[in-house]
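Chemist: just a sequence and a predicted model for now, questions to come.
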Amino acid sequence: MFASLSRAARRRVLALAAALLAVCGGLLGWLAPFGSSTPSGSVTFSTGVPTGVYQRYGVLLKQAMAKELPDVTITLKDSEGSQQNLARVASGEADFTVATADAVAQYIRDRRPGFERLRGCARLYDDYVQLVVRKGSAIQTVSDLRGLRVGVGQDGSGVRLIADRVLAAAGLTPSRDVTAVPVGIDSMPQMLESGSLDAFFWSGGLPTQAVQTLSERTPVRLVPMDAPLVEALRDVGESTRHYRSAVIPADAYAAAQDGQRVETLAVANLMVTTVEADQDLVEGFTRSVIDSRDGIGSKVHPAQLVDLRTAVYTEPLTLHDGARRYYRSVKP
């Protein structure tokens, strides 16, 4: 039929077809954001030390994201903690991570490599600083650690950063006044039990499984860090403004606390990526963080505290555009 048309008629038909294709293309482009396409590819998520909250949270978040982002392969990578996590993301060795706000602020303040590339996805739960000693220990305050063997976390951890600052706020120089042992939460409980350590610092969500297990098999207790110490801590440096006075509830470690609340300090955790990360991927990643809160929280209690109302506040990091798009989509 087309061949039987005049040359002029064929030109009109072809022009009409081209116009219809252009209109359809425009409609598809307009509808694309609402389609079923999802991000794909492989990403690396830097977590934390084995038995720590970051590592357990990462494992469960990966499982949740398998449903939210089925075409994305997520590889988990253990780390020493916040400081190493930030270095990995900033250098491109990892795509996403979790780090404490004080570690992020220090990384930016020091202008470490790639600091300007870092962006926030969500504010997560708070870490609580825990100073653990044996039940019969004479240690009652941080100042009592003078001359003792103290687990302070691995060099690349957020624990090490905050332990050094807490010791300084108590008038102690970590390199001179204590024997600082740079080990992580995967080793410190056993070392305290064996007598290789007199005390150890940990900064993590409540309860941290490794501390919980230790308290159930060995008589231990938590040393309080009161408000004056927190105030002194804020004088150590600008990035310490991210610390706040907090209380460890009496039932966090029932066997260790004898029904008593323990004064301490807390700092927020942030989900971190880079400015170059794909917007659709970051949007889906952020959605999974929020949507999986209750499921992950049933196994890793701190995840229950992820709150949509506060998740958007990722200071000192600028919010990633993909995360911003997610928060706008769920805004009442």
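Modeler: Looks like it arrived, so ask away. Residues are numbered from 1 along each chain as shown.

Chemist: residue ranges of the strands in the stretch 201-332 of the chain, please?
Modeler: 220-222, 244-248, 262-274 (DSSP state E, counting those that start in this stretch).

Chemist: so which elements touch the shortest one?
Modeler: This points to strand 220-222. Judged by 3 or more CB pairs under 8 Å, 6 or more residues apart in numbering; DSSP states H and E, strand 220-222 is in contact with strand 118-134, helix 254-257. Every residue, glycine included, has its C-beta placed from N, CA and C.

Chemist: 10 Å instead, please
Modeler: Packing partners of strand 220-222 (3 or more CB pairs under 10 Å, 6 or more residues apart in numbering; DSSP states H and E): strand 118-134, helix 188-194, strand 199-204, helix 209-217, helix 254-257, strand 262-274.

Chemist: distance from the chain centre to the third one, please.
Modeler: Right, strand 199-204. 17 Å (CA atoms, centre = their mean, to the nearest Å).

Chemist: partner strands of it, with direction?
Modeler: Strands flanking strand 199-204 in the sheet, each with its direction: strand 118-134 (antiparallel), strand 149-151 (parallel) (DSSP bridges).

Chemist: okay, the angle between the longest one and helix 209-217?
Modeler: If you take axes from the mean of the first three to the mean of the last three CA atoms, to 10 degrees, strand 118-134 sits at 10 degrees to helix 209-217.

Chemist: how about the CA coordinates for strand 118-134, as CSV?
Modeler: The C-alpha trace of strand 118-134 is given here as CSV (Å, rounded to 0.1, in the frame of the first residue of the first chain):
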residue,chain,number,x,y,z
LEU,A,118,32.7,13.1,50.6
ARG,A,119,28.9,13.3,50.9
GLY,A,120,26.3,12.1,53.4
CYS,A,121,23.4,9.8,52.8
ALA,A,122,21.9,9.5,56.3
ARG,A,123,22.4,10.1,59.9
LEU,A,124,22.1,6.7,61.5
TYR,A,125,22.3,5.8,65.2
ASP,A,126,24.5,7.2,68.0
ASP,A,127,27.7,5.5,69.3
TYR,A,128,28.2,5.5,73.0
VAL,A,129,31.7,5.6,74.5
GLN,A,130,32.2,2.6,76.9
LEU,A,131,35.1,2.2,79.2
VAL,A,132,35.1,-1.4,80.4
VAL,A,133,37.0,-2.7,83.4
ARG,A,134,36.9,-5.8,85.6
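
Chemist: check the offset of that strand from the chain's centre.
Modeler: With CA atoms, centre = their mean, you get 7 Å for strand 118-134.

Chemist: mean confidence score for it?
Modeler: Regarding strand 118-134, the rounded mean pLDDT is 97.

Chemist: the last one now?
Modeler: For strand 149-151, the per-residue pLDDT values average out at 98.

Chemist: neighbours around Trp113, how many?
Modeler: No, residue 113 isn't Trp; it's Pro. Residues lying near Pro113 (other CB atoms under 10 Å) number 11.

Chemist: that one contacts Ser91, doesn't it?
Modeler: Yes: judged on CB atoms under 10 Å, Pro113 makes contact with Ser91 at a distance of 6.5 Å.

Chemist: gap between the spatially most central residue of the chain and Ser187?
Modeler: By CA atoms, centre = their mean, the chain has its centre lying nearest to Val98, at 2.4 Å. When distance is defined by CB to CB, to the nearest Å, Val98 is 21 Å away from Ser187.
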